[in-house]
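Trainee: curious how this folds, go ahead:
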Amino acid sequence: MGVTALATSCLAPRPSNARAWLITWLAAALVAFALGALSVYWKARRVGTPVLTQPGRKFVLSLFPPLAAGAAISGAIYAARQVHLLPGIWLLLYGVGVMSAGTFSVRVVPVMGLSFMLAGVVAMFCPPAWGNAVMAAGFGGLHILFGAIIAWRYGG
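Mentor: All right, here's what the predicted structure looks like:
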């Protein structure tokens, strides 16, 4: 998922081209979601556990509301022509979702969520031209960092 964000940050148009920028990042989010879902499915299959056990359902139900709120807010932000706020909003809400869903996971996952939230706060105060860099650092860098920690300490 992190590599998807890094690649997208290189391919995405400048944030000043709001429509193209938004479409590019939404496409990347769909690809990242698909990769994440496949990864969960493959890991569950490898260890012989159903994907939607009670903890799995709680994880999904905790992650989904902030992501749905982010989608709704994104539409309003785009309509208001304030697209420069989206990196911060997306990082904050994704962090909220990961932090709350992480209560049903290994200990490092809520820390990961908090890190996304902090990145979102920083993003809110960055110049609009830094949009792709902020997304690369947040969604790319943090996913890669925490993915490595989770793989090393918890086996994936």
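
Trainee: need the contact partners of the helix or strand harbouring residue 4.
Mentor: Assessed by DSSP states H and E, residue 4 sits inside helix 2-11. By CB atoms under 8 Å, 6 or more residues apart in numbering, the surrounding residues in contact with helix 2-11 are 24-25, 27-28, 31-32, 35, 132-133, 135-136, 138-145, 147. To be clear about C-beta, it is placed using only N, CA and C from the backbone, and glycine gets the same treatment.

Trainee: could you flag which of these are buried?
Mentor: Listed as buried from those are 24-25, 28, 32, 132-133, 135-136, 138-143, 147; burial here means 16 or more other CB atoms under 10 Å.

Trainee: and of those residues, the nearest to residue 111?
Mentor: Relative to residue 111, the closest of those is residue 142; by CB to CB it sits at 10.4 Å.

Trainee: in the chain, where is pLDDT below threshold?
Mentor: 156 (pLDDT under 70).

Trainee: what are the ranges of the helices in it?
Mentor: Counting by DSSP state H, the chain has helices at residues 2-11, 18-47, 54-79, 86-101, 108-124, 131-135, 143-154.
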